[in-house]
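1. Whatever this is, show me its structure:
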Amino acid sequence: MIRSFRHKDLKELFLTGKSSKIAFILQKRIIRRLDALDQAEDLQDLNIPGFNFHGLLGKPKRFTIHVNGPWCLTFEWKDQHACLVDLEQYH
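-> A predicted model of the protein is given here:
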C-alpha cells in the first residue's frame with residue numbers, strides 16, 4: 001500500500017487518474033506502476049517484467065521502478081508500505 005507521496009502531482013494522478021503537471025504520454029504507464037505499488041505486500045511483488053525494479057544505493061534505502069526513458073518512480077519501503085513515492089529523472 002502507498003502510505004505517502006513526495007511528489008504532489010504524482011499523488012493527484014494516483015487519486016484522480018489525471019494531472020496537468022505530468023506529461024500525458026507517461027500517465028498510463030505511471031498509473032499501472034502505482035497500482036502495482038499500492039497492491040504490493042512484499043518487495044518481490046514488484047519484480048514485474050518491464051518494471052526494471054531494483055534497489056538504489058544510499059541511505060535511507062530507496063527503490064526504483066522504471067517508467068519510460070529517464071523517468072522512474074522511487075520510494076522507500078517501510079513495514080510493507082511504500083513511502084515518499086516520487087517521480088524522478090533518474091539518469
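
2. Only C-alpha atoms from now on, for both contacts and neighbour counts.
-> OK.

3. pLDDT below threshold where in the protein?
-> By pLDDT under 70, the weakly predicted segments of the chain are 91.

4. What residues of the longest helix belonging to it count as buried?
-> Longest helix of the chain, by residue count under DSSP state H: helix 24-39. By 16 or more other CA atoms under 10 Å, the buried positions in helix 24-39 come out as 27, 30, 31, 33, 34, 36, 37.

5. Show me what the spatially most central residue of the chain bridges to in the sheet.
-> The centroid of the chain falls nearest to residue 73 when counting by CA atoms, centre = their mean (3.4 Å). Here residue 73 sits in beta bridges with residue 65, residue 87, going by DSSP bridges.

6. Confirm residue 9 sits in a helix?
-> Yes: per DSSP: H, G, I helix; E, B strand; the rest coil, residue 9 lies within a helix segment.

7. residues in contact with it?
-> Residues counted as contacts of residue 9 (CA atoms under 8 Å, 6 or more residues apart in numbering) are 19, 21, 22.

8. Most neighbours of all these, which one?
-> residue 19 (17 neighbours; other CA atoms under 10 Å).

9. Alright, that wraps it up for me.
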